[in-house]
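Chemist: Here is the input, now give the coordinates:
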Amino acid sequence: MKTLLKLFLSLSIVFCVLLSTSIQAQEDAKRPPIIDVHVHAMRVNPDFVREMCPWFLSSMPGSGPEQDPPSFINNMCVDPLQPAMSDAEMKEKLLAACERMNITMVVSGDAGVIHDWYDAAPDRVIPSLGISNANQMSVEAFRDSLESGFYKVMGEVAPQYQGMSPSDMTLDAYFAVAEELGIPVGIHMGTGGNGMININNPAYRASLGQPFLLEDMLARHPKLKIWVMHAGYPMIDQMIALMGANAYVYVDLAGFIWSYPKEEIHMYLKRLVQAGFGKRILYGTDFMMWPRLLETSIGVIENANYLSEDQKRDIFFNNAVRFFNLDPADFE
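Modeler: Have a look, this model is predicted:
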């Protein structure tokens, strides 16, 4: 009996050691690379940071002009995402998450923050130069910035928040520079957030998010490669028609992938794939202040049972490599 007990204990110890080794090996194994094409670099504003529950628009809040304005987000869930509370915490947690999950980010926003992140992790950051109106910088300064070699992408371009069409001629010279230099462009189209006009942006117009508004600009710049941020949500018919007519138009899934109901997200994504555009869908978060948002958004794609593993890898990585003219060997 004692011999059997000793044998059982010995086998148990061996099993535990093997299990621990296996788990550690899985943890140490490098995850397949992911490219997040839609990340915002911002200074942390203590007056703005707040917890956030993903998919918070599953129940649209009601409001009225004599009541408090509708909340852009909510935190009424069991485990809300926590914001970074300082610039240092943001950099530390975001870059650690990218290292852990093998993510490379296309980053736009505050130039100082972009340089800070890039200096800390140059293999994790692809700098992008955002512009939404001609008052931000001259065309000459824009060209100089792109020709410096630091910025690899033009975006986020967001004229919709200015009450402008993306085909407005005041932006045309900037698109011409990007076309000439072969710089890919990310353009905000579609959803802008719950109650945007009522809360803080009266110039915003939902109608200016129509993908068809890109057609005149694309006709003027036939060699320009663009991706439509937020996939033009919720205007799926226009988005499919535009992609069908323009071979160099891609989309990202950012923003609505973590704010709208999951059923709505999957309906929209599935429609794009069913229409034949699985090779032109890019993964993106619209990251702002919540480091755990990366895992949250990745999980939406990983758990999409209507996508094959090859289709998931296309969305996470392969399509972005093709779109941005990257070398896959750089991610090994």
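Chemist: wouldn't residue 269 be in contact with residue 281 here?
Modeler: Yes: between residue 269 and residue 281 there is a contact at 7.3 Å, judged by CB atoms under 8 Å. Quick note: C-beta positions are derived from backbone N, CA and C, even for glycine.
Chemist: any common contacting residues for these two?
Modeler: residue 253 (CB atoms under 8 Å, 6 or more residues apart in numbering).
Chemist: And the helices in this protein?
Modeler: 2-28, 87-101, 111-120, 139-147, 172-181, 196-199, 215-220, 236-245, 256-259, 262-274, 293-302, 309-313, 319-323 (DSSP state H).
Chemist: buried ones in the fourth one?
Modeler: This means helix 139-147. 142, 143, 145, 146 (16 or more other CB atoms under 10 Å).
Chemist: Next, format those as CSV and append pLDDT and distance to residue 41.
Modeler: CSV is the format used below for the buried residues of helix 139-147 (pLDDT from 0 to 100; distance: CB to CB, whole Å):
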residue, pLDDT, distance to residue 41
142, 97, 18
143, 98, 22
145, 97, 15
146, 97, 18
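Chemist: So which residue is dead centre in the chain?
Modeler: residue 284 (2.3 Å; CA atoms, centre = their mean).
Chemist: residues contacting that residue?
Modeler: Contacts of residue 284 by CB under 8 Å, 6+ apart are 36, 37, 38, 39, 106, 229, 252, 253, 254, 255, 257.
Chemist: What of residue 221?
Modeler: 175, 176, 179.
Chemist: Need the nearest residue in space to the first one, chain neighbours excluded.
Modeler: If I follow you right, that is residue 175. Among residues not flanking residue 175 along the chain, residue 221 sits closest, at 5.3 Å (CB to CB, 6 or more residues apart in numbering).
Chemist: for the stretch 1-150 of the chain, which spans come out with low pLDDT?
Modeler: Residue ranges of the stretch 1-150 of the chain with pLDDT under 70: 1-29, 70, 72.
Chemist: which of the residues in stretch 38-55 are buried?
Modeler: Here stretch 38-55 shows 38, 39, 40, 41, 44, 49, 50, 52, 53, 54, 55 as buried, counting by 16+ other CB under 10 Å.
Chemist: what about that stretch, start to end distance?
Modeler: By CA to CA, to the nearest Å, the extent of stretch 38-55 from end to end equals 18 Å.
Chemist: From residue 181, how far out is the residue nearest to residue 175?
Modeler: 12 Å (CB to CB, to the nearest Å).
Chemist: hmm, which of the contacts of residue 221 are the buried ones?
Modeler: By 16+ other CB under 10 Å, those give 175, 179 as buried.
Chemist: what would the helices of the chain look like in JSON lines with distance to residue 208?
Modeler: Formatted as JSON lines, these follow (distance: least, CB to CB, whole Å):
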{"stretch": "helix 2-28", "distance to residue 208": "46"}
{"stretch": "helix 87-101", "distance to residue 208": "31"}
{"stretch": "helix 111-120", "distance to residue 208": "27"}
{"stretch": "helix 139-147", "distance to residue 208": "22"}
{"stretch": "helix 172-181", "distance to residue 208": "16"}
{"stretch": "helix 196-199", "distance to residue 208": "12"}
{"stretch": "helix 215-220", "distance to residue 208": "13"}
{"stretch": "helix 236-245", "distance to residue 208": "13"}
{"stretch": "helix 256-259", "distance to residue 208": "17"}
{"stretch": "helix 262-274", "distance to residue 208": "19"}
{"stretch": "helix 293-302", "distance to residue 208": "25"}
{"stretch": "helix 309-313", "distance to residue 208": "31"}
{"stretch": "helix 319-323", "distance to residue 208": "24"}
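Chemist: nearest to residue 73, of those helices?
Modeler: helix 256-259 (7.8 Å; CB to CB).
Chemist: As PDB, could you dump the C-alpha coordinates of the closest one?
Modeler: Provided in PDB are the C-alpha atoms of helix 256-259 (Å, rounded to 0.1, in the frame of the first residue of the first chain):
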ATOM      1  CA  PHE A 256     -17.700  50.300 -33.500                       C
ATOM      2  CA  ILE A 257     -15.900  47.000 -32.700                       C
ATOM      3  CA  TRP A 258     -16.100  47.800 -29.000                       C
ATOM      4  CA  SER A 259     -19.000  50.300 -28.700                       C
END
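Chemist: neighbouring contacts of that helix?
Modeler: The contact list for helix 256-259, computed with CB under 8 Å, 6+ apart, reads 54-57, 73, 190-191, 193-194, 230-231, 233, 264-265, 268, 284-286, 293, 296-297, 300.
Chemist: re earlier: and the buried residues of stretch 38-55, which is closest to residue 313?
Modeler: residue 38 (18.5 Å).
Chemist: Against residue 111, how distant is the residue lying closest to that closest one once chain neighbours are set aside?
Modeler: Spatial nearest neighbour of residue 38, excluding adjacent residues (CB to CB, 6+ apart): residue 284 at 3.2 Å. Applying CB to CB, the value for residue 284 to residue 111 is 21 Å.
Chemist: pretty sure residue 297 contacts residue 285?
Modeler: Yes: the criterion here is CB under 8 Å, and residue 297 meets it with residue 285 at 4.7 Å.
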